[in-house]
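Dropping a prediction and its sequence here:
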Amino acid sequence: MLSFVIPAYNEEKCLPATLRAVFASADAVGEPFEVIVVDDASTDRTAEIAREHGAQVVSVRNRQIAATRNTGARVARGDVFFFVDADTLANPLAIRMALRALRNGAVGGGCLFRYEDPVPLWVKALYPVAMLAMRLVKFTGGCFLFCSREAFAAIGGFSEAMFAAEELEFARSLKRIGRFVVPRPVVDTSNRKLSELTVRRIVKLILHGLRKGSSHREGLELWYGDHNGIPR
């Protein structure tokens with residue numbers, strides 16, 4: 001069975017499209033599957049929408065994406081885990097290529113992403129170079145990650161000591177025990193963070209990470225601000 005785990009905090013706007021894409025894509029792949037939405041203290045209709053679309057809902061009050069993903073994995077019944085962000089659209093080819101890689105011996109991996117329009121000009125200019133670099137170093141971001149149940153258990157899941165960059169540590173941990181892959185297909189994700197991600201803010205986040213790391217929420221308002229609906 002395939003288990004799709006979707007962490008969600010105030011995602012009533014993006015979640016319907018995400019769930020439609022997951023269900024349609026999984027149906028097209030033709031294997032048994034389940035969809036688990038982990039509702040992390042939402043104050044909107046996130047849980048109701050998830051149930052309306054046929055997903056299992058698990059309610060938590062973590063306000064930390066690593067812990068929220070881990071909660072979903074703990075209740076999942078599948079032997080393959082897909083972690084899909086609530087503003088990301090899965091597709092059948094991405095799922096098929098992920099399964100092929102796992103069944104050929106990989107322990108996990110992730111798909112690169114394409115932002116929905118509109119995007120700032122500086123993002124359009126940097127995107128091809130950034131995607132090439134990410135593919136070369138096998139780092140994909142966290143919007144569409146996958147692994148076997150066995151590999152997830154072996155590394156202890158996502159690090160709950162981290163409030164940011166947990167997907168990077170997740171990939172590093174998987175690479176320590178086996179092959180981490182980046183299939184050719186990409187997934188579509190929302191552009192909602194880009195309006196706030198100025199060059200000045202990027203520099204500020206880098207400096208913050210160098211000074212304080214990612215073990216607390218302070219300085220991480222881009223992800224943890226309640227206004228943007230990102231499940232961190």
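Yep, that arrived. Residues are numbered from 1 along each chain as shown.

residue ranges of the helices in this structure, please?
Assigned by DSSP state H, the helices in the chain fall at 15-29, 46-52, 65-75, 92-103, 121-137, 149-155, 166-177, 199-212, 221-224.

Which residue lies nearest the spatial centre of the protein?
For the chain, the residue sitting closest to the mean C-alpha position, by C-alpha atoms, centre = their mean, is residue 143 at 2.9 Å.

export the helices of the chain to a markdown table and tack on mean pLDDT and distance to residue 109?
Every C-beta, even on glycine, is put in place using the N, C-alpha and C of the backbone. As requested, these are exported to a markdown table (pLDDT from 0 to 100; distance: least, C-beta to C-beta, whole Å):
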| stretch | mean pLDDT | distance to residue 109 |
| --- | --- | --- |
| helix 15-29 | 98 | 16 |
| helix 46-52 | 98 | 26 |
| helix 65-75 | 97 | 16 |
| helix 92-103 | 98 | 6 |
| helix 121-137 | 90 | 11 |
| helix 149-155 | 98 | 10 |
| helix 166-177 | 95 | 8 |
| helix 199-212 | 50 | 24 |
| helix 221-224 | 50 | 23 |
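
that older thread, distance of the residue nearest to the centre of the chain from residue 64?
Noted for residue 143: a distance of 17 Å to residue 64, by C-beta to C-beta, to the nearest Å.

cool, residue 51 as well?
Residue 51 is 23 Å from residue 64, where distance means C-beta to C-beta.

Between these two, tell me which one has more neighbours.
Comparing residue 51 with residue 64 by other C-beta atoms under 10 Å, the one with more neighbours is residue 64, at 23 against 14.

Just name the most buried of the helices of the chain.
Of these, the one with the most neighbours on average (mean count of other C-beta atoms under 10 Å) is helix 65-75, at a mean of 22.

Now do that helix against helix 166-177, angle only.
Angle, helix 65-75 to helix 166-177, by axes from the mean of the first three to the mean of the last three C-alpha atoms, to 10 degrees: 60 degrees.

For helix 65-75, what is the distance to the chain centroid?
From the chain centre to the centre of helix 65-75 is a distance of 12 Å (C-alpha atoms, centre = their mean, to the nearest Å).

for stretch 72-82, same thing?
For stretch 72-82 - counting by C-alpha atoms, centre = their mean - the centre lies 14 Å from the chain centre.

and what of stretch 41-49?
19 Å.

Ok, which of the helices of the chain comes nearest residue 191?
With C-beta to C-beta as the criterion, residue 191 lies closest to helix 121-137 of the helices of the chain, at 8.4 Å.

Tell me which residues are up against the closest one.
For helix 121-137, the external contacting residues (C-beta atoms under 8 Å, 6 or more residues apart in numbering) are 112, 115, 119, 140, 141, 182, 194, 199.
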